[in-house]
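Kindly generate the corresponding structure for this input.
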Amino acid sequence: MSASKLFIILFLFCTVQALYAQQEDKQDYIWLFGSFPNIPEDSFGGSIMDFYANPPEINFFNIPFGATVFSIISDNTGNLVFYSNGCQIINRMHEIMLNGEEINPGYVHNSYCGSLGYPYRQGLMALPQPGSDSLYYLFHLRRNDQLYITDFMYSLVDGSGDNGLGEVTEKNTLLFQDTFADQLQAVRHGNGRDWWVVAPKVGSNIHYLFLLSPQGVEGPFVRQAGVEWNDYYWSGQAIFSPDGSKYIRVNPFNGIHIFDFDRCSGELYNPVNLEFVGDTIGGGTGAGVSVSPNNRYLYVSLSTKFYQYDLWADDIGASRQLIAVYDGFLSFLPTTFFQHMLAPDGKIYVTSTNGVNRLHVIHNPNELGTACNLEQHGIRLPTFHAFAAPNFPHFRLYDLPGSPCDTLGISTADKEPERQEAGIRVFPNPADGVVNFELPSGGVGSIQVWSTDGRIMYKHEIGEHIEQELSVSTMRWPSGMYICILYDDTGKVNRRFTFVVTH
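Predicted structure coming up:
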């Protein structure tokens, strides 16, 4: 069989995945950084990271406005749909989308959007409309004349509008008013379809939750848990763990707030508050947070110091390990630590508290202590970028198996059934004790299986009939998602697909 025929077969193989899996899998594959003006020789303009390649491809693009990109969303195949800086909504051609101007109108927009951009750290979140393959919600927080965040809003984007360039069909719709922290976050509902959007209140332990479903937005649902949080909008971050079971907030002034989260009811419970002792905080005020793909290790950075905690420990605070201290590297300005983001390749990327052209990267976040392999300033961008990391939910998180709300039949198992197409089989899927691979003879190239933390778990040269039974239990493959990649004879990626291991 020729490489081209094998490519076509594997393309068909991937298309028989259930529709819902296709809708969400790759919507965080494009990351954007940078700021105006577009002078590439001086490292100004936009940087794009495309995670469809491994390692991700990094290139320059002309950014159409003066501020940092905060929210990005791609379609189910990983193609950019739109992004925003809180002032405008920009289409995939890097132009203001039809009706995409004047997001968050008012004093702050008029004062900041011409040069600095909207004063955000986590004030935007783009999500797909459940049940639609072309509609997207952009949730955004608006500041009043005194710079307090008082308005929780959304704008609606039809990605199929304007001949496929997208159109904003509803704009600046007010959902609720109060005083909010600049820590907008979202997680998939336990039914595997809908979304919880969380907007915490300032100076309080109240969290407002909104539910995005095929019917639109419901809420707020008020959840009161933990201790009071005083907002310092420039300094922290909020996240969910990859499995959605933990909701975590951090900044240098409030410490670390950890909650268990019920994806069915939206309840926050079992709060843990870790205060920062004197030796913890480095110079400056920037704090970031992330959780490893296996949901065990919590990473917290505070400007010049980087820590790991064990979320499975009886005493999370006592498990703290110092894994890195800022090494003094300058990219014109200090490359200190700020916000984190877990990427599709299973690595954690970290921004800085200054305008620099470097990202830090944790290569093996599932490993204990310094074995996590934090590489400082290891990724060079074509352009300078300051402060915020892309604000994505975990798109590859689906239903909560066995829960009362798991009633829609949208499960990882249902999205990846046993499949057979043109002689290609991967079964059972999900796999428990063993997984079987079958490919017909005559192909050219190789096939590899990668874990989401970047390890090669299996590889085989294509050129004979593959009928291989792998004992994932004997080989001690952890539960989780694995990426199967087909390479042609030049080493180029032809196709990739996923399967799940459970124990």
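
For the strand ranked longest in the chain, list the C-alpha coordinates in PDB.
Longest strand in the chain, counting residues (DSSP state E): strand 216-229. Provided in PDB are the C-alpha atoms of strand 216-229 (Å, rounded to 0.1, in the frame of the first residue of the first chain):
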ATOM      1  CA  GLY A 216     -28.300  29.500  26.100                       C
ATOM      2  CA  VAL A 217     -26.900  30.900  29.400                       C
ATOM      3  CA  GLU A 218     -28.600  30.200  32.800                       C
ATOM      4  CA  GLY A 219     -27.600  31.800  36.100                       C
ATOM      5  CA  PRO A 220     -26.100  33.000  38.200                       C
ATOM      6  CA  PHE A 221     -26.000  30.100  40.600                       C
ATOM      7  CA  VAL A 222     -24.400  31.300  43.800                       C
ATOM      8  CA  ARG A 223     -21.800  29.200  45.600                       C
ATOM      9  CA  GLN A 224     -20.200  30.300  48.900                       C
ATOM     10  CA  ALA A 225     -17.200  28.400  50.100                       C
ATOM     11  CA  GLY A 226     -13.700  29.000  51.500                       C
ATOM     12  CA  VAL A 227     -12.300  32.200  52.900                       C
ATOM     13  CA  GLU A 228     -12.600  35.800  51.600                       C
ATOM     14  CA  TRP A 229     -10.600  36.700  48.500                       C
END
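
neighbours of Thr169, just the number please.
Neighbourhood size, Thr169 [other CB atoms under 10 Å]: 13. The way it works is simple: take the backbone N, C-alpha and C, and place the C-beta from them, glycine included.

picking that back up, mind giving me the packing neighbours of the longest strand of the chain?
strand 167-177, strand 195-200, strand 204-213, strand 255-261, strand 268-274 (3 or more CB pairs under 8 Å, 6 or more residues apart in numbering; DSSP states H and E).

per-domain residue ranges of this structure.
The chain breaks down into these domains under automatic domain parsing: 3-16+418-501, 19-385.

Kindly compare burial across those and name the winner.
domain 19-385 (a mean of 19; mean count of other CB atoms under 10 Å).

roughly how far is that one from the heart of the chain?
8 Å (CA atoms, centre = their mean, to the nearest Å).

What average pLDDT does it get?
For domain 19-385, mean pLDDT rounds to 92.

was I right about Gly161 contacting Leu135?
No - counting by CB atoms under 8 Å, Leu135 is not a contact partner of Gly161; they are 9.9 Å apart.

thinking again about what came up before, redo the domains of the chain as CSV? Include distance to Gly402.
Formatted as CSV, the domains of the chain follow (distance: least, CB to CB, whole Å):
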stretch, distance to Gly402
domain 3-16+418-501, 14
domain 19-385, 10
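
closest to Leu408 out of the ones you listed?
Closest approach to Leu408 among the domains of the chain is made by domain 19-385 (5.0 Å; CB to CB).

Can you add distance to Leu330 and give the helices and strands packed on strand 216-229 back as a markdown table?
Output for the helices and strands packed on strand 216-229, formatted as a markdown table (distance: least, CB to CB, whole Å):
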| stretch | distance to Leu330 |
| --- | --- |
| strand 167-177 | 40 |
| strand 195-200 | 35 |
| strand 204-213 | 39 |
| strand 255-261 | 29 |
| strand 268-274 | 31 |
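
Of all those strands, which one is nearest Cys484?
Cys484 lies closest to strand 195-200 among the helices and strands packed on strand 216-229, at 28.2 Å (CB to CB).

Would you mind pulling the contact partners of the closest one?
Applying CB atoms under 8 Å, 6 or more residues apart in numbering, the external contacts of strand 195-200 come out as 125, 127, 130, 139, 141, 152, 176, 180-181, 183-189, 206-212, 217, 219-220, 229, 238, 247, 249, 263, 266, 393.

Adjacent strands (with direction) for it?
Next to strand 195-200 in the sheet, as set by DSSP bridges, lie strand 185-188 (antiparallel), strand 204-213 (antiparallel).

residue nearest the centroid of the protein?
The centroid of the chain falls nearest to Phe392 when counting by CA atoms, centre = their mean (3.7 Å).

which residue packs closest to it, ignoring adjacent ones?
Leaving aside its chain neighbours, Phe392 sits nearest to Asp28 (4.3 Å; criterion: CB to CB, 6 or more residues apart in numbering).

ok, the one you found touching Ser74?
Yes - Asp28 lies in contact with Ser74 (CB under 8 Å); the separation is 7.1 Å.

Now do Ile48 against Ala199, distance only.
Taking CB to CB, to the nearest Å as the measure, Ile48 and Ala199 are separated by 29 Å.

now swap in Pro334 and tell me
According to CB to CB, Pro334 and Ala199 sit 32 Å apart.

picking up where we left off before, figure out which of the domains of the chain is closest to Ser403.
Among the domains of the chain, the nearest to Ser403 by CB to CB is domain 19-385 (4.9 Å).

now the residue nearest to Phe392, what's its secondary structure?
Recorded secondary structure, Asp28: coil (DSSP: H, G, I helix; E, B strand; the rest coil).

Next, the contact list for it, please.
By CB under 8 Å, 6+ apart, Asp28 lies in contact with Phe51, Ile72, Ile73, Ser74, Ala343, Pro344, Pro390, Phe392, Phe395.

Can you give me the end-to-end span of stretch 122-136?
By CA to CA, to the nearest Å, the extent of stretch 122-136 from end to end equals 18 Å.

same check, this time on stretch 184-191
Stretch 184-191 stretches 21 Å from its first residue to its last (CA to CA).

got the contact list for that stretch?
Contacts for stretch 184-191 (CB under 8 Å, 6+ apart): 122-125, 127, 139-141, 194-199, 211, 213, 238-240, 244, 247, 261-264, 391, 393-394, 397-400, 403, 405-408, 410.

Swap in 7 Å and give it another go.
With CB atoms under 7 Å, 6 or more residues apart in numbering as the contact definition, stretch 184-191 has outside contacts at 122-125, 127, 139, 141, 195-199, 211, 238-240, 244, 263-264, 393-394, 397-400, 403, 405-408, 410.

got it, and stretch 354-373?
Contacts for stretch 354-373 (CB under 7 Å, 6+ apart): 43, 292-294, 297, 299, 308, 321, 323, 331-337, 347-352, 374-381, 383-386, 453-454.

isn't Val168 right up against Ser155?
Yes - counting by CB atoms under 7 Å, Ser155 is a contact partner of Val168 at 5.7 Å.

Residues in contact with both of those two, list them for me.
Ile89.

Please dump the strands paired with strand 195-200 into CSV; it should also carry distance to Trp477 for every row.
Converted to CSV, the strands paired with strand 195-200 look like this (distance: least, CB to CB, whole Å):
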stretch, distance to Trp477
strand 185-188, 24
strand 204-213, 34
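
got a list of what Ile96 touches?
In this structure, Ile96 makes contact with Pro64, Gln88, Ile90, judged by CB under 7 Å, 6+ apart.

correct me, but the second one touches Glu101?
Spelled out, that is Gln88. Yes - in terms of CB under 7 Å, Gln88 counts as a neighbour of Glu101; the distance is 5.5 Å.
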